[in-house]
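K.L.:
I'd like to go over a predicted model; first the sequence, then the structure.
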Number of protein chains: 2
Amino acid sequence: MLVLKKFGGSSVADLDRIRACADRCLRTAAEGHQVVVVVSAMQGETNRLIALANALVRPEADPAAARGHYVEAAKSCQDYDRELDQLVATGETVSAALLAMAIGDRGGRAVSLCGHQLGMQTDQRHTRARILQIDEARIRSALDEGRIVVCAGFQGVDPDGNITTLGRGGSDTSAVALAAALKADVCEILTDVDGVYTTDPRIVPQARKIDRISYDEMLELASLGAKVLQIRSVAFAKKYGVRVHVRSSLNTTQGTWIVPPESAMESVVVSGVALERGEAKVTVLGALDVPGVIATVFGALGAAGIVVDMIIQNVGHDGRTDITFTVPGTDLTRALDVLAGVTIGGEAMRVETDRNIAKISIVGLGMRTHAEIVGQAFQILAAEGINVQMVSNSEIRLSIVVQERYGELALRALHRGLGLDGDRA
Amino acid sequence: MLVLKKFGGSSVADLDRIRACADRCLRTAAEGHQVVVVVSAMQGETNRLIALANALVRPEADPAAARGHYVEAAKSCQDYDRELDQLVATGETVSAALLAMAIGDRGGRAVSLCGHQLGMQTDQRHTRARILQIDEARIRSALDEGRIVVCAGFQGVDPDGNITTLGRGGSDTSAVALAAALKADVCEILTDVDGVYTTDPRIVPQARKIDRISYDEMLELASLGAKVLQIRSVAFAKKYGVRVHVRSSLNTTQGTWIVPPESAMESVVVSGVALERGEAKVTVLGALDVPGVIATVFGALGAAGIVVDMIIQNVGHDGRTDITFTVPGTDLTRALDVLAGVTIGGEAMRVETDRNIAKISIVGLGMRTHAEIVGQAFQILAAEGINVQMVSNSEIRLSIVVQERYGELALRALHRGLGLDGDRA
């Protein structure tokens, strides 16, 4: 088997942990498998390097200000991002070299490869590059020499040989992309939790570890998954059919497998429920219900780079309509600024906002065939006296917005009512 | 003009100093010159990375022990050195990116290049690689775009794309090699001293800054030069005729030019005098004066990697001879171990050692034509009552070993007596 392992920043946070990673790689190799490893930077290192860059260009060390400073001259901004990539990518190069040394020290043979060496070819979008292709020849020949190949995650190289990075959490994307290119039998994401849970165990002690989950469910459960692996990497895994195994780096128990959908999965109607806070609700009241009103509002927000999540337009009456949507709470002020500059049929808009909301998402492949889940969910909330503010759904997800103070109660009630409760952790 | 500037670790030790380097580069660019910069790692960074590696493979963190551990398996050792290069080279990549950012922040345009990007092709001798050739296309095109090109010093890339390093002080070698490849008009070594002095000003306050010195004199004055630039880079500069200007990074006064010999130089008979301590004297007493005795002794030492400096064999009598030589004091114990295993004509050797010696070197192109200097030097020492223990010389250098406690007195006396004294600093 060809096993790809990815160790996050906390797993290589210090030399003892790096030695533990080495032991883990050697055990897998001793079982007769080929091993390719992807590592993040040592915990804190990426932030240290970014802080250096920020302090250099803006002594007040405010990252947003530092970038804003550069936006003044688009050309300089591009130069800044290029240098930031050259700078920050060293973090992963360091941890990869150290892990290769640790494996060698324990009697194994390893080689560390950074972006240009491991053939990770990307486009030129610095700080958020996309992978174009992977030339795996170098990795293959190192594997053929019997080596454990330690790859610096997060980084690649553009067609001109410039170092690029894949954005925050990019090491997960590196790992899945390499697993796809190498046709690895499994992509193990080794982290400091045991796997993906049916919901956040800090809120619901009865949360259970999920054994198997489909890519689509995992994508819908973004807010749960984001803690254990970068959601972008799941989309990549889905596209290339990479079998991902999220498990603890501290023990050898099975974690959560993220795999193509299997018929057995549909018998489990709901896989998990997730709670997201930090969004804000915006309601445009009594807008003229003219053609293109939606396009006007969301076109302006989109042009400002504000990502809108849920959108609801109520049925109009008297030629007027209400439009409600949610945006990240951090973007609310900016969204209001944008809307203040928009008119509909010559009228300024009346806008109400509410930061005190919580969004609960219920996700499961079985929802495709079990239409009764939707009604069941609303009954559960009604039984708790929780009022539903907004609803939206996809084929395998139902999202409900409630008042923020009812968020945790709603999560616990749905987890229990939909049959997800396990033993109290 | 094309100006190559090299900033050492102390010149990029913190962000304020990096900003000062940026200003200096921009001033030169504003004068209408093309600027290529070579930077070392931020002061302390290389040691920090090496300490990490040592602590990883040998928790007791003794560098010698860490390497020794690996010598057990030659293959692993090579792997270790390869990873050490991957690791340590990040130090220069970081400072290059930061300097490029600082230049951009001040309104200039720059680009940082690490080893594989700047075309610094070396052999595969990790941790002490030799430059094979430089493909300067990338640097040229960046210069043509009007950019200041900031190169990570110390590092290169082998034919397989592995990162290599040029050994300690390798940034000087990078700088001179790049200056040669680019046919730069000058290679400025910017450091924390004003230039090369006629001798160590801490011992002789009347030491003067040398305005111009030839490559050969600089090579012979290794012990003075080593403080301001890596002596290997001087050999490189000589080979390719690179004009080197050693000057302060803190002011703009002229420093010392290291250049091809000029006829005017010979009128200055002596350029400088240097004091070296830390060597030890070894005397092999009454060895059988058989053919090959020298080869036997120094063959054994050479095989053990011990560098022998001065060698003197006295005229033999009664078929026996005395051989005296010096080795680095740190190698003395090992040298004695080696000699204990060597027999000459079946006899073990009688060996005496003396760690309390000092070597003074008098260097000057003019010594070629001014034979009287040698006699003059001995008269000066005799006048001070200093006994001469060993003498060796080259065309432009006279080296004298005296008792260590007379070393500084001898240096001061020769500096004054040979007409080098300037105003008291």
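P.N.:
Here it is on my side, so go on. Numbering: from 1, shown residues only, chains lettered A, B, ... in the order given.
K.L.:
got the residues of the stretch 1-150 of chain A near chain B?
P.N.:
Applying CB under 8 Å from any CB of the partner chain, we find that the stretch 1-150 of chain A lies next to chain B at A:15, A:18-19, A:49, A:52-53, A:55-57, A:69-70, A:75-76, A:79-80, A:82-84, A:86-87, A:90, A:93-94, A:96-98, A:100-102, A:104-105, A:109-112, A:114, A:116-117, A:138. (C-beta placed from N, C-alpha, C; glycine too.)
K.L.:
quick check: pLDDT value at the residue lying farthest from the centre of chain A.
P.N.:
Distance from the C-alpha centroid of chain A peaks at A:Asp318, with 43.1 Å (CA atoms, centre = their mean). If you check A:Asp318, the pLDDT there is 82.
K.L.:
in the stretch 201-350 of chain A, which spans are helices?
P.N.:
Counting by DSSP state H, counting those that start in this stretch, one finds helices in the stretch 201-350 of chain A at the ranges A:215-220, A:222-225, A:231-240, A:293-303, A:332-340.
K.L.:
I'd like to know which of those lies nearest to chain B.
P.N.:
Of all the helices of the stretch 201-350 of chain A, it is helix A:231-240 that lies closest to chain B, at 24.8 Å by CB to the nearest CB.
K.L.:
sketch out the low-pLDDT regions of chain A for me.
P.N.:
Low-confidence segments of chain A (pLDDT under 70): A:58-76, A:224-226, A:424-425.
K.L.:
how's it carved up into domains?
P.N.:
Taking automatic domain parsing as the reference, chain A has its domains at A:2-192, A:279-354.
K.L.:
out of those domains, which one sits most buried?
P.N.:
Mean neighbour counts were taken over the domains of chain A using mean count of other CB atoms under 10 Å in any protein chain shown, and the top value, a mean of 21, falls to domain A:2-192.
K.L.:
ends of that domain, how far apart?
P.N.:
Domain A:2-192 has its terminal residues 23 Å apart, counting by CA to CA, to the nearest Å.
K.L.:
gap between it and the chain center?
P.N.:
Relative to its parent chain, domain A:2-192 has a centroid offset of 17 Å by CA atoms, centre = their mean, to the nearest Å.
K.L.:
still on that earlier bit, take the helices of the stretch 201-350 of chain A and write them to CSV, including distance to chain B.
P.N.:
Output for the helices of the stretch 201-350 of chain A, formatted as CSV (distance: least, CB to the nearest CB, whole Å):
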stretch, distance to chain B
helix A:215-220, 34
helix A:222-225, 31
helix A:231-240, 25
helix A:293-303, 28
helix A:332-340, 26
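K.L.:
can you put those in CSV and add distance to B:Val282?
P.N.:
CSV is the format used below for those (distance: least, CB to CB, whole Å):
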stretch, distance to B:Val282
helix A:215-220, 72
helix A:222-225, 69
helix A:231-240, 64
helix A:293-303, 81
helix A:332-340, 78
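K.L.:
between the ones you listed, which one is closest to B:Leu409.
P.N.:
Closest of these to B:Leu409 is helix A:231-240, at 71.2 Å (criterion: CB to CB).
K.L.:
the closest one packs against which elements?
P.N.:
Contacts defined by 3 or more CB pairs under 8 Å, 6 or more residues apart in numbering or on different chains; DSSP states H and E place helix A:231-240 against helix A:170-182, helix A:215-220, helix A:222-225, strand A:244-248.
K.L.:
got those as CSV, with distance to A:Arg405 columns?
P.N.:
Below are the helices and strands packed on helix A:231-240 laid out as CSV (distance: least, CB to CB, whole Å):
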stretch, distance to A:Arg405
helix A:170-182, 34
helix A:215-220, 25
helix A:222-225, 19
strand A:244-248, 32
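K.L.:
among the ones you listed, which is nearest A:Asp331?
P.N.:
Shortest distance between A:Asp331 and those, using CB to CB, is found for helix A:222-225: 17.0 Å.
K.L.:
dump the domains of chain A to JSON lines, plus distance to B:Met390.
P.N.:
Listed next are those as JSON lines, based on distance: least, CB to CB, whole Å:
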{"stretch": "domain A:2-192", "distance to B:Met390": "44"}
{"stretch": "domain A:279-354", "distance to B:Met390": "76"}
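K.L.:
any idea which of those gets closest to B:Ser223?
P.N.:
Among these, domain A:2-192 sits nearest to B:Ser223 (CB to CB), with 34.2 Å.
K.L.:
once you drop chain neighbours, what's closest to the closest residue to chain B within the stretch 151-300 of chain A?
P.N.:
Nearest to chain B in the stretch 151-300 of chain A, going by CB to the nearest CB, is A:Gly161, at a distance of 5.2 Å. What sits nearest to A:Gly161 in space, not counting adjacent residues and going by CB to CB, 6 or more residues apart in numbering or on different chains, is B:Gln117, at 5.2 Å.
K.L.:
before we move on, the earlier item: and of the helices and strands packed on helix A:231-240, who's closest to A:Gly272?
P.N.:
The closest of those to A:Gly272 is helix A:222-225. By CB to CB, the value is 6.1 Å.
K.L.:
quick one, phi/psi of the residue in the stretch 301-425 of chain A positioned nearest to chain B?
P.N.:
Closest residue of the stretch 301-425 of chain A to chain B, CB to the nearest CB: A:Gly305 (23.6 Å). Per-residue torsions, A:Gly305: phi 80, psi 20 (degrees, to the nearest 10).
K.L.:
need the contact list for the closest residue to A:Leu250 other than its chain neighbours.
P.N.:
Beyond its immediate neighbours in the sequence, the residue positioned closest to A:Leu250 (CB to CB, 6+ apart) is A:Asp192, lying 7.0 Å away. The contact partners of A:Asp192, taken as CB atoms under 8 Å, 6 or more residues apart in numbering or on different chains, are A:Gly8, A:Ser10, A:Ser11, A:Ser248, A:Ser249, A:Leu250.
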